[in-house]
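K.L.:
Below: sequence and its predicted model.
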Amino acid sequence: MSKLTHALTLALVLPFAQTAMAQTATTTPAAPAATATPPAKAENGTAPAAGSDKTAAPAATGATPEAKADAGGLSMGKTVENKMYVKDKQGDWTVRCFHTKDNKDPCELYQLLTDEKGNPVSEFSMVPLPPGGQAVAGATIVTPLETLLPQDVTISIDGSGAKRYGFMLCNPVGCFARIGLTQQDLDGYKKGAKGTMTIVAASAPNAPITLPISLKGFTAAYEEVQKNNTANGINLTKAPVKK
């Protein structure tokens, strides 16, 4: 499976943290590239010439002004800002953040899970959650479209305490599972040596696929994300307590 688009992962992970975030595209071969809206055309079918009295469309957010067209009326393109960036690397975990206009960037910890041949198979992203709820952290898992959904996804830390989680939805990018972690679960990730994630392919229902989850650097990455998000006013609202 090729690398997955992270835009939709953000859209699923960060609502856990009650963070409003625009979706962004990455250079990922698994998902179709975003297509820009073509410029308006004049009645004769050509793009409006420079100097036309028609009001130009506003530039896209995060993009530099488009270079002036040459005499032939050709668009010279715009430089689009990449809003997703890697802030840090802690062991086998990446701290990824989303640039906002007020520079209060929300972050997450992320790991790409690969099979025994080094092929990327699944994405694992996590954020701390606001206090007061049963789940202290939330994660989004993305698996290939060929995943057998009724078999769920199973996660085990250090070979014990395995938990199964159901899938939420599938789209052209892959299949998504949103999971909540209790404080006990989170402590297991912090103290554990290694974890595993097991999924089942629809083409081979009797041959489960087990992917290693490295926990090297997990605690440092989690604490960095938690510190960053708290400093930026994220995850401060207490979750409602169910009675």
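P.N.:
Arrived safely. Residues are numbered from 1 along each chain as shown.
K.L.:
from here on, contacts and neighbour counts on C-alpha atoms
P.N.:
Noted.
K.L.:
mind listing the strands for the protein?
P.N.:
Here the chain has its strands, by DSSP state E, at 84-90, 93-98, 107-114, 120-128, 137-143, 153-157, 160-165, 169-171, 174-181, 194-201, 204-214.
K.L.:
what packs against the longest one?
P.N.:
Applying 3 or more CA pairs under 8 Å, 6 or more residues apart in numbering; DSSP states H and E, one finds that strand 204-214 contacts strand 107-114, strand 194-201.
K.L.:
quick one: average pLDDT of stretch 191-205?
P.N.:
For stretch 191-205, mean pLDDT rounds to 96.
K.L.:
can I have it written out in PDB, keeping just the CAs?
P.N.:
Output in PDB follows, covering the C-alpha atoms of stretch 191-205 (Å, rounded to 0.1, in the frame of the first residue of the first chain):
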ATOM      1  CA  LYS A 191       5.900   2.000  29.800                       C
ATOM      2  CA  GLY A 192       5.800  -0.600  27.100                       C
ATOM      3  CA  ALA A 193       8.600  -1.900  24.900                       C
ATOM      4  CA  LYS A 194       6.700  -2.600  21.800                       C
ATOM      5  CA  GLY A 195       3.200  -3.000  20.500                       C
ATOM      6  CA  THR A 196       1.400  -4.800  17.600                       C
ATOM      7  CA  MET A 197      -1.600  -3.900  15.500                       C
ATOM      8  CA  THR A 198      -3.500  -6.700  13.700                       C
ATOM      9  CA  ILE A 199      -5.800  -6.300  10.800                       C
ATOM     10  CA  VAL A 200      -7.300  -8.800   8.300                       C
ATOM     11  CA  ALA A 201      -7.300  -8.500   4.600                       C
ATOM     12  CA  ALA A 202     -10.600  -9.300   2.800                       C
ATOM     13  CA  SER A 203      -8.600 -11.400   0.300                       C
ATOM     14  CA  ALA A 204      -7.000 -13.500   3.000                       C
ATOM     15  CA  PRO A 205      -9.500 -13.800   5.900                       C
END
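K.L.:
my guess is Lys194 meets Ile157, correct?
P.N.:
Yes: in this structure Lys194 lies within contact range of Ile157 using CA atoms under 8 Å: 6.1 Å.
K.L.:
which of the two has more neighbours?
P.N.:
Per other CA atoms under 10 Å, whichever of Lys194 and Ile157 has more neighbours is Ile157, with 22 against 17.
K.L.:
who's in contact with the longest helix anywhere in the chain?
P.N.:
Of all segments of type helix in the chain, defined using DSSP state H, the longest is helix 218-231. Contacts to helix 218-231, defined as CA atoms under 8 Å, 6 or more residues apart in numbering, come from residues 89-95, 105-109, 127-128, 189-190, 235-236.
K.L.:
redo that, cut-off 7 Å
P.N.:
Helix 218-231 is contacted from outside by Gln90, Trp93, Val95, Pro106, Cys107, Glu108, Leu109, Pro128, Lys190, Asn235, Leu236, using CA atoms under 7 Å, 6 or more residues apart in numbering.
K.L.:
could you check the distance from the closest residue in space to Val95 that isn't next to it in sequence over to Asn206?
P.N.:
Spatial nearest neighbour of Val95, chain neighbours left out: Leu109 (4.6 Å); criterion: CA to CA, 6 or more residues apart in numbering. As defined by CA to CA, to the nearest Å, Leu109 lies at a distance of 32 Å from Asn206.
K.L.:
Ok, Gly188 next?
P.N.:
Counting by CA to CA, the gap from Gly188 to Asn206 is 29 Å.
K.L.:
same check, this time on Thr79
P.N.:
For Thr79, the distance to Asn206 - CA to CA - is 49 Å.
K.L.:
These two: which is more packed in?
P.N.:
Ranked by neighbour count (other CA under 10 Å), Thr79 and Asn206 place Thr79 first, with 13 against 9.
K.L.:
would you put the C-alpha positions of stretch 223-236 in PDB?
P.N.:
Output of stretch 223-236 as PDB, limited to C-alpha atoms (Å, rounded to 0.1, in the frame of the first residue of the first chain):
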ATOM      1  CA  GLU A 223       4.700  15.000  26.300                       C
ATOM      2  CA  GLU A 224       5.900  17.300  23.600                       C
ATOM      3  CA  VAL A 225       2.600  17.300  21.800                       C
ATOM      4  CA  GLN A 226       0.700  17.800  25.100                       C
ATOM      5  CA  LYS A 227       3.000  20.700  26.200                       C
ATOM      6  CA  ASN A 228       2.600  22.400  22.800                       C
ATOM      7  CA  ASN A 229      -1.200  22.000  22.600                       C
ATOM      8  CA  THR A 230      -1.700  23.200  26.200                       C
ATOM      9  CA  ALA A 231       0.500  26.200  25.600                       C
ATOM     10  CA  ASN A 232      -1.500  27.100  22.500                       C
ATOM     11  CA  GLY A 233      -4.800  26.800  24.300                       C
ATOM     12  CA  ILE A 234      -5.800  23.400  22.900                       C
ATOM     13  CA  ASN A 235      -7.300  20.600  25.100                       C
ATOM     14  CA  LEU A 236      -8.100  23.000  27.900                       C
END
